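Quick one: sequence plus predicted model below, questions after.
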Amino acid sequence: MAAIHVTQLNFEKEVLKSKEPVLVDFWASWCGPCKALLPIVEELSEELEHVKVCKVNVDEQAELAETLKVITIPTLMLFKNGKVVKTSVGAKPKAAILEILK
């Protein structure tokens, strides 16, 4: 399944009320490291069965990013039961992202 694009309108439903863990990628189209991370995030969204993968464009969803205190992108946040349990800042290789999900 492709990564779900999340906005202020569907964040609660897709992330906070999700029964499964959710990996959220905060990104922007002008961000080089974000572009490098994009294929990995998309690949994970297709491979992972136990984790939902979502993406937030910080330019379009600045208020949401600000609420979650996202200052640097790319930022990955892992949510479980509506709470942030892990955060990773900067582009990471796939293996490092899989470690975050453990």
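Right, received. Where do you want to start?

mind listing the helices for this protein?
Here the chain has its helices, by DSSP state H, at 11, 32-47, 62-67, 94-100.

tell me the most buried of those?
helix 11 (a mean of 19; mean count of other CB atoms under 10 Å). Bear in mind the C-beta positions are built from the backbone N, C-alpha and C, glycine included.

For that one, which outside residues touch it?
Residues outside helix 11 that contact it (CB atoms under 8 Å, 6 or more residues apart in numbering): 56, 64.

quick check: mean pLDDT across that helix?
The average pLDDT within helix 11 is 97.

from the middle of its chain, how far away would it be?
Relative to its chain's centre, helix 11 lies at 11 Å (CA atoms, centre = their mean, to the nearest Å).

what does stretch 88-102 give?
Computed by CA atoms, centre = their mean, the separation of stretch 88-102 from the middle of its chain amounts to 11 Å.

before we move on, the earlier item: quick one: which of the helices of the chain is nearest Pro74?
Closest to Pro74 of the helices of the chain, according to CB to CB: helix 32-47, at 4.5 Å.

which residues does Val24 contact?
By CB under 8 Å, 6+ apart, the contact set of Val24 is 6, 15, 54-56, 76-79.

Ok, Glu60 next?
Residues in contact with Glu60 (CB under 8 Å, 6+ apart) are Thr7.

Quick check: the gap between it and Glu42.
Glu60 sits at a distance of 18 Å from Glu42 (criterion: CB to CB, to the nearest Å).

tell me the centre residue of this structure?
Among the residues of the chain, the one closest to the centroid is Val24, at 1.6 Å (CA atoms, centre = their mean).

Can you read off the pLDDT for that one?
Note on Val24: pLDDT of 98.

now Gln8
If you check Gln8, the pLDDT there is 95.

so what's Thr87 closest to, chain neighbours aside?
Distances taken as CB to CB, 6 or more residues apart in numbering place Met77 nearest to Thr87, at 5.2 Å, with adjacent residues excluded.
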